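1. Sequence first, predicted model second:
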Amino acid sequence: MEFDIKTTWDSLPVNHDPVKVKFSPGSGGMTLEVFAPFFNDPPSPASPAGHPFPGLWDYEVVESFFLNSKTEQYLEVEFCPHGQHLVLLLSGRGNAFTEGLSLTFEATISGNKWKGKALIPWGYFPPDVDKMNSYAIHGSGDGRTYEALYPIPRDELTENQAPNFHRLEYFKNFRLQGIMGEDWMQPESQFWK
């Protein structure tokens, strides 16, 4: 299952090749792959690759969110081309109760492109995921760019509105069974009891 991020958060077309996010079955979780332009702006966080980094959203990242729309429980995963990652578990809009979980993530930069591959354990997903969205962020200062797979429609923008990736009402239908098969049952999680 593959998605292209072709618009900014406010529904304008991106001015570069779209970021691609691909989901597939993995051993004990879902494999998430990123294929993206590499902007190197901002530069790498001051943290070693392969480790969680708080505040990673302030850097160049690709993010995916997986939501149970009935409970507003959701998983947010962020990936940086320099190899850092961030996992947040949230209950209620923007209310993170767990941050910095470990996972297997590797990224490689080749010229003006980067790719990354992560295994997201099933235990990180809330039960009954039914919506998702993905985002990409790069740039500094006035050049900061926020892109969304499912953006806010132009006619729903308000004056002085800023990007907010926790606008759950704009997430679209998504089921893990679409990746794993209709008979697949999500394992129970210690985090979501």
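-> Nice, thanks for sending it over. Numbers count the residues shown, from 1 in each chain.
2. where exactly do the helices run in this structure?
-> Counting by DSSP state H, the chain has these helices, from start to end: 177-180.
3. So the closest residue to Lys20 other than its chain neighbours versus Ser11, what's the distance?
-> Using CB to CB, 6 or more residues apart in numbering and skipping residues adjacent in sequence, the residue nearest Lys20 is Phe35, 4.2 Å away. C-beta here means a position set from N, CA and C on the backbone, and glycine is covered the same way. For Phe35, the distance to Ser11 equals 23 Å [CB to CB, to the nearest Å].
4. more neighbours, those two?
-> Taking neighbours as other CB atoms under 10 Å, Phe35 and Ser11 compare with Phe35 leading, 18 against 15.
5. so what's the more buried one scoring on pLDDT?
-> pLDDT, Phe35: 98.
6. I figured it was touching Lys115, is that so?
-> Yes. Applying CB atoms under 8 Å, one finds Phe35 in contact with Lys115, separated by 5.1 Å.
7. Would you map the strands across the chain?
-> Counting by DSSP state E, the chain has strands at residues 2-5, 7-8, 19-26, 29-37, 61-68, 73-79, 85-91, 96-99, 104-110, 113-121, 131-138, 145-148, 172-173.
8. so what strands line up beside the last one?
-> Each strand that strand 172-173 pairs with, and the sense of that pairing, follows from DSSP bridges: strand 131-138 (antiparallel).
9. Now the partner strand: average pLDDT?
-> The average of the pLDDT scores along strand 131-138 is 98.
10. rewinding a little: could you report the distance from the residue nearest to Lys20 to Leu149?
-> 14 Å.
11. Repeat that for Ser110.
-> From Ser110 to Leu149 the distance is 24 Å (CB to CB).
12. The two: who's more crowded?
-> Neighbour count, other CB under 10 Å: between Ser110 and Leu149, Leu149 has more, with 22 against 8.
13. Now for that one: which residues touch it?
-> Phe3, Asp4, Ile5, Thr7, Val21, Asn133, Ser134, Tyr135, Lys172 (CB atoms under 8 Å, 6 or more residues apart in numbering).
14. residues contacting the spatially closest residue to Thr145 that is not a sequence neighbour?
-> Closest residue to Thr145 in three dimensions, ignoring its sequence neighbours and counting by CB to CB, 6+ apart: Gly139, at 4.7 Å. Listed by CB under 8 Å, 6+ apart, the contact partners of Gly139 are Phe39, Asp41, Pro42, Thr145.
15. Which pLDDT value does the model give Ser189?
-> Looking at Ser189, its pLDDT reads 91.
16. neighbours around His166, how many?
-> His166 has 16 nearby residues by other CB under 10 Å.
17. Next: Asn95.
-> 13.
18. how much space between it and Tyr74?
-> Taken as CB to CB, the span from Asn95 to Tyr74 is 10 Å.
19. Next: Pro153.
-> Spatial separation of Pro153 from Tyr74 under the definition CB to CB is 21 Å.
20. what do you get for Lys20?
-> Applying CB to CB to Lys20 and Tyr74 gives a distance of 22 Å.
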